[in-house]
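> Build me a structure from this.
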Amino acid sequence: MFFQRIIDQERNPAFTGVSIVTTIFVSLALIIINTHHYREWGGIARFPFTVFSLACGLLINFVCGIMAFERNEYWGGRIALIGAALWFVVLFALGVI
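From the prediction side, this is the model:
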């Protein structure tokens, strides 16, 4: 029922889709960055890359969430917010936060 309402909208839920794809890519990037153990400079570069990935993902999801809300996409803004919350859960589970 939930997915049926997302798929059967009058407009194509473009911003919701971009938000979901961004959530998946940033989640994978955060997991890959923070689970590998790097030597020397790789360990130092892990923190800025994590912050950069998180900041870019938050910006993209924020804009997509607002646009989805403005276009009345079903659960568009909520999906973007859930995706951003998922990143913090991932970082908390990995022990970064």
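> Grab the longest helix from the chain for me.
helix 41-70 (DSSP state H).
> quick one: it to chain centroid distance?
On the basis of C-alpha atoms, centre = their mean, to the nearest Å, helix 41-70 sits 7 Å off its chain's mean C-alpha point.
> Give me the packing partners of it, helices and strands only.
helix 14-35, helix 76-94 (3 or more C-beta pairs under 8 Å, 6 or more residues apart in numbering; DSSP states H and E). Every C-beta, even on glycine, is put in place using the N, C-alpha and C of the backbone.
> buried stuff in that helix?
Taking 16 or more other C-beta atoms under 10 Å as the neighbour-count basis, helix 41-70 is seen to contain the buried residues 46, 50, 53-54, 57-58, 60-61, 64-65, 67-68.
> and the angle from it to helix 76-94?
With axes from the mean of the first three to the mean of the last three C-alpha atoms, to 10 degrees as the basis, helix 41-70 and helix 76-94 are set at 160 degrees to each other.
> ok, the residue nearest the centre of the chain to Thr35 distance?
Centroid-nearest residue in the chain, with C-alpha atoms, centre = their mean: Thr23, separated by 2.6 Å. According to C-beta to C-beta, to the nearest Å, Thr23 stands 18 Å off from Thr35.
> Repeat that for Val96.
The gap separating Val96 from Thr35 is 10 Å, by C-beta to C-beta.
> Tell me which of the two has more neighbours.
Val96 (15 against 8; other C-beta atoms under 10 Å).
> Who are the contact partners of that one?
For Val96, the contact set (C-beta atoms under 8 Å, 6 or more residues apart in numbering) comprises 34, 50.
> Also Ile33?
Per C-beta under 8 Å, 6+ apart, neighbours of Ile33: 46, 49-50, 53.
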